[in-house]
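Asks: just coords:
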């Protein structure tokens, strides 16, 4: 069964209050529905004022111990780095995609995020049979998909994808810090902290800033 790029697949019941007690709840339902290869998909970097948006996608087999995987925002940098390596070793396949700040400025951050997730899914080999996606927006690929609000909290495959995206993006921003140290990208990762905004006011944007974002081009 193929769904269009703008449809979600209404085959999953929701647990009480919309929050799954079992972090593998949605993967299990997908497999019961006949989908063998279930991919979690998420992105990192929608909110920052600089740098790319990065997406991760991951397919696990059925029997790994994923108890150390959780929403990347609930983990320390050290925990995320350790989990990143574990995911790369334990997963059946992973995909990471980067969409530049230029693309964000030309189109918009939503389109860039969906593009990044589409590219990450395209890197998966074997191809997934269904996607579990963080958020409310399906991505433009001809694969059945389920969008999950707060999916990175309630779905372990999405949590793993969020870790891949976050760790990879943080590494990119640390590298950019070496070229543009005045903005402290190694610390703020491009987010609009007070120090970052002060640096923007004093020095203006650098070549990796998202000039379409209101707070970058200050009055």
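Replies: Cool, got the structure. This one's a predicted model, so the numbers in the text were calculated from it and none came from an experiment.

Asks: elements contacting the longest helix seen in the chain?
Replies: In the chain, taking DSSP state H as the definition, the longest helix is helix 156-179. On a contact count with 3 or more C-beta pairs under 8 Å, 6 or more residues apart in numbering; DSSP states H and E, helix 156-179 meets helix 25-32, strand 38-44, strand 53-59, helix 77-90, strand 93-99, strand 130-134, helix 151-154, helix 185-188. (C-beta placed from N, C-alpha, C; glycine too.)

Asks: now the angle between strand 130-134 and that helix, please.
Replies: Put simply, helix 156-179 runs at 60 degrees to strand 130-134, going by axes from the mean of the first three to the mean of the last three C-alpha atoms, to 10 degrees.

Asks: So which bits of helix 156-179 are buried?
Replies: Going by neighbour count (16 or more other C-beta atoms under 10 Å), the buried part of helix 156-179 is 156-170, 172-173, 176-177.

Asks: Just put the helices and strands packed on helix 156-179 in CSV and tack on distance to residue 120, mean neighbour count and mean pLDDT.
Replies: Below are the helices and strands packed on helix 156-179 laid out as CSV (distance: least, C-beta to C-beta, whole Å; neighbours: other C-beta atoms under 10 Å; pLDDT from 0 to 100):
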stretch, distance to residue 120, mean neighbour count, mean pLDDT
helix 25-32, 18, 19, 94
strand 38-44, 6, 30, 98
strand 53-59, 4, 30, 98
helix 77-90, 13, 15, 96
strand 93-99, 4, 21, 98
strand 130-134, 10, 27, 98
helix 151-154, 14, 23, 95
helix 185-188, 23, 18, 98
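
Asks: got these as JSON lines, with distance to residue 116 columns?
Replies: Below are the helices and strands packed on helix 156-179 laid out as JSON lines (distance: least, C-beta to C-beta, whole Å):
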{"stretch": "helix 25-32", "distance to residue 116": "22"}
{"stretch": "strand 38-44", "distance to residue 116": "6"}
{"stretch": "strand 53-59", "distance to residue 116": "4"}
{"stretch": "helix 77-90", "distance to residue 116": "17"}
{"stretch": "strand 93-99", "distance to residue 116": "4"}
{"stretch": "strand 130-134", "distance to residue 116": "12"}
{"stretch": "helix 151-154", "distance to residue 116": "15"}
{"stretch": "helix 185-188", "distance to residue 116": "19"}
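
Asks: Out of these, the one nearest residue 145 is which?
Replies: Nearest to residue 145 among the helices and strands packed on helix 156-179 is strand 130-134 (3.9 Å), distances taken as C-beta to C-beta.

Asks: Output the contacting helices and strands for that closest one.
Replies: By 3+ C-beta pairs under 8 Å, 6+ apart, strand 130-134 packs against helix 25-32, strand 38-44, strand 145-148, helix 151-154, helix 156-179.

Asks: For it, which strands pair with it and how are they oriented?
Replies: Strand 130-134 has its sheet partners listed here by DSSP bridges as strand 38-44 (parallel), strand 145-148 (parallel).

Asks: quick revisit: can you state the direction angle for the longest helix of the chain and helix 25-32?
Replies: With the same axes, to 10 degrees applied, the angle from helix 156-179 to helix 25-32 works out at 120 degrees.
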